[in-house]
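Student: predicted model and sequence follow; I will ask about them next.
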Amino acid sequence: MHNDQHEELLSLAAAGVRLVAEDALEYERLLAEPCAECAALLPELRFAATSLASAVPARTPRPAVKEALLATIRPAASLAGGGPSRRSSPRPSAFAPWAFAAAAAVLFVMVALDDARLRRQREELRAQSSDLAQRVERERSELARRDLTTRVMESDDVRLLFLGGHGPQPNARAKVFWSEKAKRGIVVAGNLEPLPADRQYQLWVFVDGKPVDAGVFDADASGRALFESKDLAAIRTAENFAVTVEPRGGVPQPTGPIVLIGTPS
Amino acid sequence: MNLRRQPEDRDSSDAALVAGMEVRDADAVSRLYDRHAARLLGLAYRILGETGEAEEVVQEVFLYAWRAAASFDPSRGSVIAWLLVATRSRAIDRLRTRRPVAAAEPGGRDPLDDLPAEGDVEGGSASREWESLCRGAIGELPAEQRRVLELAFFDGLTHQEIAQRTGNPLGTVKTRIRLGLMKLRERMRPYWTREGNA
């Protein structure tokens, strides 16, 4: 489906507007949608945006710019044995040995400087990219949190259950927002201890006194976790909840220590 | 001069030069440089306002094209569009490194007020005719739409920064960018081909 909002996002992207995180996410979603009109419009808008660049008056670079460029790429071209450039190169006998040495020294310095600059730029870009990825990830988490919260909070039968620390993690705390109609719960936990890479926290719902797997989750570096349970439509009613430490991916029945446990209010 | 044909014809031979670069033909990059360096320098200079730095950007772009020739995908656009995007991206990166966006100069130059082209390039008259056509298309935009597009494209600002700079609400900025670009799209449509040109 195509609308003004889509056109707006596509226009922002095509015009090279730096998208803020919210728009970037929306743009990603839009591109992922099967929208033939959007797919056709985007390249046309990009082409239109290119006319902004094409309207700028051309300026002739100084000859030294091209000379430096060719001095940088010609060694690679020679090594690769590529193209007509080898045929058009001056014959070696046209130069004295000292001229070769001087040219080689100049070339070496130019290449070294160029490489150093490119390395610096690559590092800067890498850092910027990393920052951006972290920002997007934070925004994603925040959006996910809001979305989950909204879905559960809007259900008219939501129950709030407190889980207390147990066994090896007495300081752990969690709240479970449970919707009996939706048969889904949201766990908001804190003070969880970091686990080895091969371990995960696993949520259990007790039905008729027996644990039913409700999914696995990880805590972040600060010991917090936000987790939506599996769809538990098959269960009759949730009596209690517990969290254990299990092998990554989870197990059908609890095997590890209980670290959080509660009682339905 | 048939402008509808000219960019396509130019682009097919540009693509051949890029293919030559892929097999390390230094003459190919030399010819591509002769064709487009002036236009790329014009763009880099428009963004950076400093010739030496703009020339460095042009050199970087051709080095990038030389090294990444194999990654050029003609189905995604023309060679000149590829080079212009790379030029804009590098120049904007330098602009951001040079000064925080918040401290950016007020106002902003209008490319239509810039000096005319210096010297000539290969296929210069066709290039200037194309440039003139693009300037005409942009010149037809309402001033407020042109302004926000220029702030986005040449100053690399987010729409929020554009809103701060122009004193307009965010929604207005977004709408103006959309309307401006859609008008440009309509105006440039006769020259658009699916294979791309510039």
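Tutor: Sure thing, it's come through.

Student: use CA for all of it now, contacts and neighbours both
Tutor: Will do.

Student: what's the spacing between stretch B:22-39 and its chain's center?
Tutor: With C-alpha atoms, centre = their mean, to the nearest Å as the basis, the distance from the averaged C-alpha position of stretch B:22-39 to the chain average is 18 Å.

Student: same check on stretch B:81-98?
Tutor: A distance of 9 Å separates the C-alpha centroid of stretch B:81-98 from that of its chain, computed with C-alpha atoms, centre = their mean.

Student: kindly report the same for stretch A:120-130.
Tutor: Counting by C-alpha atoms, centre = their mean, stretch A:120-130 is centred 16 Å from the centre of its parent chain.

Student: keeping just the C-alphas, turn the helix ranked longest in chain B into CSV.
Tutor: Secondary structure assigned by DSSP state H gives helix B:26-48 as the longest helix of chain B. What follows is helix B:26-48 as a C-alpha-only set of coordinates in CSV (Å, rounded to 0.1, in the frame of the first residue of the first chain):
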residue,chain,number,x,y,z
ALA,B,26,44.6,2.5,-15.7
ASP,B,27,43.6,4.2,-18.9
ALA,B,28,40.0,3.5,-18.1
VAL,B,29,40.1,5.4,-14.9
SER,B,30,42.0,8.2,-16.6
ARG,B,31,39.2,8.5,-19.2
LEU,B,32,36.5,8.3,-16.6
TYR,B,33,38.2,11.0,-14.6
ASP,B,34,38.4,13.2,-17.7
ARG,B,35,34.7,12.8,-18.2
HIS,B,36,33.4,13.3,-14.7
ALA,B,37,36.0,14.8,-12.3
ALA,B,38,34.9,18.3,-13.0
ARG,B,39,31.3,17.5,-12.1
LEU,B,40,32.4,15.7,-9.0
LEU,B,41,34.6,18.5,-7.9
GLY,B,42,31.8,20.9,-8.4
LEU,B,43,29.7,18.9,-6.0
ALA,B,44,32.4,18.4,-3.5
TYR,B,45,33.3,22.1,-3.6
ARG,B,46,29.6,23.0,-3.2
ILE,B,47,29.5,20.9,0.0
LEU,B,48,32.9,21.7,1.5
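
Student: so which bits of it are buried?
Tutor: B:26-30, B:32-48 (16 or more other C-alpha atoms under 10 Å in any protein chain shown).

Student: hmm, what's the outermost residue in chain B?
Tutor: Counting by C-alpha atoms, centre = their mean, the extreme residue of chain B relative to its mean C-alpha position is residue B:169, 27.3 Å from that point.

Student: show me where the stretch 151-265 of chain A has its strands.
Tutor: Secondary structure of the stretch 151-265 of chain A, counting by DSSP state E, counting those that start in this stretch: strands at A:158-166, A:169-179, A:184-190, A:199-207, A:210-217, A:225-228, A:240-247, A:258-262.

Student: out of the ones you listed, which is closest to residue B:151?
Tutor: For the strands of the stretch 151-265 of chain A, the distance to residue B:151 is smallest for strand A:225-228, at 40.0 Å, taking C-alpha to C-alpha.

Student: direction included, what does the closest one pair up with?
Tutor: Counting by DSSP bridges, the strands paired with strand A:225-228 are strand A:184-190 (antiparallel).

Student: can I get the partner strand in CSV, CA atoms only?
Tutor: Extracted C-alpha coordinates of strand A:184-190, given in CSV (Å, rounded to 0.1, in the frame of the first residue of the first chain):
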residue,chain,number,x,y,z
ARG,A,184,1.0,-14.7,27.2
GLY,A,185,3.1,-13.1,29.8
ILE,A,186,5.8,-10.4,29.8
VAL,A,187,8.7,-10.7,32.2
VAL,A,188,10.5,-7.6,33.4
ALA,A,189,13.5,-8.8,35.4
GLY,A,190,16.4,-7.1,37.2
